[in-house]
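Trainee: Generate coordinates for the sequence data below:
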Amino acid sequence: MADKTYVLAIDQGTTSTRAMIFDHAGQVVSSDQVEHEQIFPRAGWVEHDGLEIWGNTRKVIGGALSKANLNSGNIAAVGITNQRETALVWDRHTGQPVYNAIVWQDVRTQKIVDKLAADGGEERYKDVCGLPLATYFSGPKITWILDNVEGAREKAEAGDLIFGNTDTWVLWNLTGGAENDGEHVTDVTNASRTMLMDLSTLTWDESIAADMGIPMSMLPTIKSSSEIYGECKPGVLKGVPVAGILGDQQAATFGQACLEKGMAKNTYGTGNFMLLNTGTEQVPSENGLLTTICYKLGEEPVVYALEGSIAVTGSLVQWVRDNLGMISSAPEIEELAKKVDDNGGAYFVPAFSGLFAPHWRPDARGALVGLTRYVNKGHIARAVLESTAFQTREVSDAMDADSGVPLTELKVDGGMVVNETLMQFQADILGVDVVRPKVAETTALGAAYAAGLAVGYWANTDDITKNWGEDKRWSPSMEDGERERLMRNWKKAVTKTLDWVDDDVE
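Mentor: The predicted structure is shown next:
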């Protein structure tokens, strides 16, 4: 079976949708990728067109199959990974979204969050769902749609509307949609990002849903990360089982073979996300991290994680490209940064939608500080890259404090890990080795593994561990005193971003 068939993963990300086909060794056979529009109706609002995402999903599946000259008969299973907290509500009878998907970066739900926090504070539900009250998560986004889209609440209460993060949207359409009774399902990792799931029972919490005004009929069935959810009905994958779902950061953790307690990875994408496998034990955070689900394989016990979520890293490079025009392509940021030896005293804190872990300050906004006439474009480019590493160090320190297990090395993946200047600075500011795997895009690989395990394409997780291989390692070369001086200045820069948004600002 392994010689003749492959596994296809759909990676529905924040800026694009990609299909990747993997062989038994975990190597990429082919891939296809299409970007979708980023919609910014107002400051702080970020949306995606759900129908565009589904259309692009179909395109990239066909593209990946065509490039490898394969068809549905060659595919053993399909896995899905996705931008996690991006919420979509649609009509179960027509398949039409009632509003654009509200993206995880969006901050429009702050007043809903504040209202919920008025009774019990920001940690009101943390003991149940592992999460603080924040605009980041899906639950309040559903509330906003029901409160602001004409007729939506009445339709929802009548049972006509359903909700999903983009994993559920893609699965529902793949398995038939409105015409063929698509499967309305999510997995535990995505459910754990809604603020609506009980981390202990792995079921929806009716009282939290009631507090947010969300009818239970809208919510998908929660299943494990690795089992057969249904078969593809329309299109070129007809008859192929969809057998794995993992939220993007959990998928990257799985693809990085962080399968033992104490293993950690950091993904460098639109934002940065560090996950530490804590085994079958929930570890409550006292230092601004999230307690979340790492994965659940079929009937096996659930595995938990601590997560540090950083909102803006790779998207800062995009902003410098698209909004400032300083560069014409993302790789140019490194070329510009290498023209100088340091940041020239400049620090860039990209709190475009507030600060996530470990601060959780929605009132923060971005700041470029420490400027003198000495600072040039090269210094700013370097400050852009260094901001990613500084934010990662803050999360790493919080993880050390919560887990009591100091980081010994960091496995890294995602689009930014090709930037060697950033990777070296990351090792320097952490004081530990940074390790890049041979397959850097581990998010899609993790989803493929989850699906392949469910259908026996891979026998067990030992196959995943065997497939993982080191590509490059960066070791720290910075003196301790310099490392701590830079961090001290970074923390000072962060304080300049706080308390920026006033109460009378929407």
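
Trainee: Can you show me the helices along the stretch 151-300 of the chain?
Mentor: Along the stretch 151-300 of the chain, the stretches classed as helices by DSSP state H, counting those that start in this stretch are 152-157, 166-174, 188-191, 206-211, 248-255.

Trainee: Likewise for the stretch 1-150 of the chain?
Mentor: Counting by DSSP H, counting those that start in this stretch, the helices of the stretch 1-150 of the chain are 50-67, 110-117, 126-129, 138-148.

Trainee: Most tightly packed of these?
Mentor: With neighbours defined as mean count of other CB atoms under 10 Å, these peak in mean count at helix 138-148, which reaches a mean of 23. The way it works is simple: take the backbone N, C-alpha and C, and place the C-beta from them, glycine included.

Trainee: which helices and strands sit right next to that one?
Mentor: Other helices and strands packing on helix 138-148, by 3 or more CB pairs under 8 Å, 6 or more residues apart in numbering; DSSP states H and E, are strand 87-91, strand 101-102, helix 110-117, helix 152-157, strand 161-165.

Trainee: again, only using 7 Å
Mentor: strand 87-91, helix 110-117, helix 152-157 (3 or more CB pairs under 7 Å, 6 or more residues apart in numbering; DSSP states H and E).

Trainee: how far out from the middle of the chain is that helix?
Mentor: 20 Å (CA atoms, centre = their mean, to the nearest Å).

Trainee: And for stretch 376-393?
Mentor: Its chain's C-alpha centre and that of stretch 376-393 lie 21 Å apart, by CA atoms, centre = their mean.

Trainee: export it as CSV, just CAs?
Mentor: What follows is stretch 376-393, C-alpha atoms only, in CSV (Å, rounded to 0.1, in the frame of the first residue of the first chain):
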residue,chain,number,x,y,z
ASN,A,376,18.4,53.6,8.3
LYS,A,377,16.4,51.1,6.3
GLY,A,378,18.8,48.2,7.2
HIS,A,379,18.3,48.9,10.9
ILE,A,380,14.5,48.9,10.6
ALA,A,381,14.6,45.6,8.6
ARG,A,382,16.7,44.1,11.3
ALA,A,383,14.4,45.4,14.0
VAL,A,384,11.5,43.7,12.1
LEU,A,385,13.2,40.4,12.1
GLU,A,386,14.4,40.7,15.7
SER,A,387,10.9,41.4,16.9
THR,A,388,10.0,37.9,16.1
ALA,A,389,12.9,36.5,18.1
PHE,A,390,12.3,38.8,21.1
GLN,A,391,8.6,37.8,21.2
THR,A,392,9.6,34.1,21.0
ARG,A,393,12.0,34.6,23.9
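
Trainee: circling back: of all the helices and strands packed on helix 138-148, which one is nearest Phe352?
Mentor: Among those, the nearest to Phe352 by CB to CB is helix 110-117 (14.3 Å).

Trainee: ok, Ser200 - how many residues close by?
Mentor: Counted with other CB atoms under 10 Å, the neighbours of Ser200 add up to 12.

Trainee: Asn323: neighbouring residues, count only.
Mentor: That count, for Asn323 with other CB under 10 Å as the rule, works out to 8.

Trainee: Name the SS class of it, please.
Mentor: helix (DSSP: H, G, I helix; E, B strand; the rest coil).

Trainee: how far away is it from Ala351?
Mentor: 15 Å (CB to CB, to the nearest Å).

Trainee: next one: phi and psi at Tyr304?
Mentor: phi -100, psi 170 (degrees, to the nearest 10).

Trainee: Any buried residues in the helix ranked longest in the chain, and which?
Mentor: For the chain, the longest helix by residue count, based on DSSP state H, is helix 377-403. Residues 378-399, 402-403 are the ones in helix 377-403 that count as buried (16 or more other CB atoms under 10 Å).

Trainee: I'd say Ala447 and Leu246 touch.
Mentor: Yes - taking contacts as CB atoms under 7 Å, Ala447 lies within contact range of Leu246: 5.4 Å.

Trainee: Assign a three-state SS to the closest residue to His379 other than its chain neighbours, would you?
Mentor: Spatially, and ignoring its direct neighbours in sequence, His379 is nearest to Gly344 (3.5 Å; CB to CB, 6 or more residues apart in numbering). Under three-state DSSP, the three-state class of Gly344 is coil.
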